[in-house]
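Colleague: dropping the sequence and predicted coords here.
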Amino acid sequence: MEHLVTSIEELTGLYDEPFERSIRKQLDRLDEHCRAFIRASPMLMIGTESNGMADCSPRGDQPGFVQVADDKTLLIPDRRGNNRLDTLRNIVLNPRVGLLFLVPGVNETFRVNGLASVSRDPALLERFAVSGKLPRTVIVVEVKEAYVHCGRALARADLWNPAKFGAIPVPSFGTMLVAHTSGFVKDAAAFDEEARVRAPATLY
């Protein structure tokens, strides 16, 4: 524990000054370039916090599933999931959110920080109808900070290299649930087969 960094002064002393462009790139709105990145993104990570705990959750759909209502407002449909509602509960209690947008094949990401609310406005829900199915709610984000993030992390991970897909074995969903639910899920193979069929049929 003697090597823990415990002050901002100590922390900043370990690093060089940030590039000026890294400071200047931050906007308080969404311009046409921000909109283009968001429109191309099929996946984002949303960070929330409440009651002293932080949480990060994925949101994904077809590119453009996040709508830009105006230069300061994003709309994110809450599609079907496991109904834990971790993200939504947190937003109701604490509106501060951080978003990270990803575009396949692009190493740069796009970050948005702001204040969120959860809406059940029928007009908003209708904007996100898929085959007549509506989300239960829409997350409305008031943009406070927006900026492109450099691609070093994804480049180091070689994230978009198909040759790496499946190269490292990962335990299946069913295997992990059998281990983590104290016996509530009993048969990993049966669960995985059920999920293989159920998941595509219940996306919306």
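Modeller: All right, it came through fine. Residues are numbered from 1 along each chain as shown.

Colleague: next structured bit after the strand or helix carrying R156?
Modeller: Using DSSP states H and E, R156 falls within helix 152-157. Counting by DSSP H and E, the next helix or strand C-terminal to helix 152-157 is helix 173-180.

Colleague: tell me the mean pLDDT over that following helix?
Modeller: In this model, helix 173-180 has a mean pLDDT of 96.

Colleague: okay, buried residues for that helix please.
Modeller: G174, L177, V178 (16 or more other CB atoms under 10 Å). To be clear about C-beta, it is placed using only N, CA and C from the backbone, and glycine gets the same treatment.

Colleague: same thing with stretch 45-57?
Modeller: For stretch 45-57, by 16+ other CB under 10 Å, it's M45, I46, G47, T48, E49, S50.

Colleague: and V130, bridged to which residues?
Modeller: In this entry, V130 is beta-bridged to K133, by DSSP bridges.

Colleague: centroid-nearest residue for the protein?
Modeller: M45 (1.2 Å; CA atoms, centre = their mean).

Colleague: then it would be within a strand, right?
Modeller: Yes - under DSSP: H, G, I helix; E, B strand; the rest coil, M45 sits within a strand.

Colleague: taking their axis directions, the host helix or strand of A190 and helix 173-180 sit at what angle?
Modeller: Assigned by DSSP H and E, A190 belongs to helix 188-201. Counting by axes from the mean of the first three to the mean of the last three CA atoms, to 10 degrees, helix 188-201 lies at 130 degrees to helix 173-180.

Colleague: same question for helix 188-201, mean pLDDT?
Modeller: 94.

Colleague: surely R96 touches V112?
Modeller: No - here R96 does not reach V112: they are 11.9 Å apart, not a contact under CB atoms under 8 Å.
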